[in-house]
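Asker: curious how this folds, go ahead:
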Amino acid sequence: CVVCVCVSEYEPNPPLTPLQPWRHWAVQQATAAYARGLARSVFTLCPCGKNPESYRIYEAMLAGSIPIVHNASVEHGRTTACFQPYKFLADMGAPILFVQSWAELPTVLAPFIADRARAAALQQRMLAWYQTTFVPRLRGLAVGLVQDTMLPT
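Answerer: Sure, this is the predicted structure:
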């Protein structure tokens, strides 16, 4: 599945070939499998990629899976206040899990493994927060941006 997605990344305008319908189908299948995997997961690891913040965080929340996010400011050796990529999530009270080191993961997950009801409660809280706090806030920011930049006053 990952290979199919990577192929489309490295070939932004692939030539049309008899395999093109298959490639489209393969990417759709990979995307659907990824979404099903997230929906079945209680937790989703969200490591940094090229940037500290990853779309994986928001995909996990949308699917109802609790993101576990590595504190990028520590990972990249930056601990200054100006480099806090997840500050807005913390300020909004996002019920997601943060780790300073991936080595902490067993300790962080232990209480949830021991008490599945605790994990289910956090999962429900996270999904409710996403739907009632995050989405409306994001929508408001987007509307405000459009009004401020594109509509005459």
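Asker: tell me the SS of Ile68?
Answerer: Under DSSP: H, G, I helix; E, B strand; the rest coil, the three-state class of Ile68 is strand.
Asker: list the contacts for it?
Answerer: The contact partners of Ile68, by C-beta atoms under 8 Å, 6 or more residues apart in numbering, come to 43-46, 96-99, 105, 108. Heads up, the C-betas are built off the backbone N, CA and C, glycines and all.
Asker: tell me, what's the model's pLDDT at the residue nearest to the spatial centre of the chain?
Answerer: Geometric centre of the chain, nearest residue: Ile57, 1.5 Å, by C-alpha atoms, centre = their mean. Note for Ile57: predicted pLDDT of 91.
Asker: now the contacts of Ile68: which count as buried?
Answerer: By neighbour count, with 16 or more other C-beta atoms under 10 Å, these hold 43-44, 46, 96-99 as buried.
Asker: among those, which ones are in strands?
Answerer: Cross-referencing the buried ones among the contacts of Ile68 against strands under DSSP state E gives 43-44, 46, 97-99.
Asker: possible to save those residues as JSON lines with pLDDT and distance to Gln147?
Answerer: As requested, these are arranged in JSON lines below (pLDDT from 0 to 100; distance: C-beta to C-beta, whole Å):
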{"residue": "Phe43", "pLDDT": "93", "distance to Gln147": "38"}
{"residue": "Thr44", "pLDDT": "92", "distance to Gln147": "34"}
{"residue": "Cys46", "pLDDT": "88", "distance to Gln147": "32"}
{"residue": "Leu97", "pLDDT": "93", "distance to Gln147": "35"}
{"residue": "Phe98", "pLDDT": "90", "distance to Gln147": "33"}
{"residue": "Val99", "pLDDT": "90", "distance to Gln147": "38"}
